[in-house]
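**Q** take a look and give me a structure for this.
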Amino acid sequence: MATIPGNPHAADAEGSVKILRAWMDREGDTNTAALAVAIEAQAQATLALAYEQRTANLIAAATATYADGTAMFPELIHAKHGETIKRLAEETTR
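**A** Okay, here's the model as predicted:
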């Protein structure tokens, strides 16, 4: 799964699916085990996509400008997060 660096849900999804598949191997191919794997994978995938969308929205808002070039949301570009947003914007436009 290709994700924006730092997406905790992508790693959680992969780890959870591995654990549940190992459990499924031990328990056998039961309906309960198969359902547990599917539900966990779906939940983590949804969270991973939401994280990706949130990050994309932050980048879009932080880099949005008016016609004269002034920032629409200057409060999003501050010392704590400004460099992170700039780096993520560069990584996602490559």
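
**Q** all helices for this protein, in order.
**A** Secondary structure of the chain, counting by DSSP state H: helices at 8-27, 31-63, 82-92.

**Q** what's in contact with the first one?
**A** Surrounding helix 8-27, the residues in contact under the criterion Cβ atoms under 8 Å, 6 or more residues apart in numbering are 1, 3, 30, 33-34, 36-37, 40-41, 44-45, 47-48, 50-51. Using the backbone N, CA and C atoms, a C-beta is placed for each residue, glycine as well.

**Q** try it again with 7 Å
**A** Here helix 8-27 makes contact (Cβ atoms under 7 Å, 6 or more residues apart in numbering) with 1, 3, 33-34, 36-37, 40-41, 44-45, 47-48, 51.

**Q** filter those to the buried ones?
**A** Neighbour counting by 16 or more other Cβ atoms under 10 Å classes 3, 33, 36-37, 40-41, 44, 47-48, 51 among those as buried.

**Q** kindly list the main-chain dihedrals of the residue of the chain positioned farthest from its centre?
**A** In the chain, counting by Cα atoms, centre = their mean, Asp68 sits farthest out from the average C-alpha position, at 32.7 Å. Per-residue torsions, Asp68: phi -80, psi 0 (degrees, to the nearest 10).

**Q** which one of the helices of the chain lies nearest to Met72?
**A** helix 31-63 (7.4 Å; Cβ to Cβ).

**Q** give me the angle between the closest one and helix 8-27.
**A** Interaxial angle of helix 31-63 relative to helix 8-27 (axes from the mean of the first three to the mean of the last three Cα atoms, to 10 degrees): 170 degrees.

**Q** what about helix 31-63, average pLDDT?
**A** The pLDDT scores in helix 31-63 average 81.

**Q** starting at the chain centroid, how far to that helix?
**A** 6 Å (Cα atoms, centre = their mean, to the nearest Å).

**Q** same for it, what does it pack against?
**A** For helix 31-63, the elements it packs on are helix 8-27, helix 82-92, judged by 3 or more Cβ pairs under 7 Å, 6 or more residues apart in numbering; DSSP states H and E.
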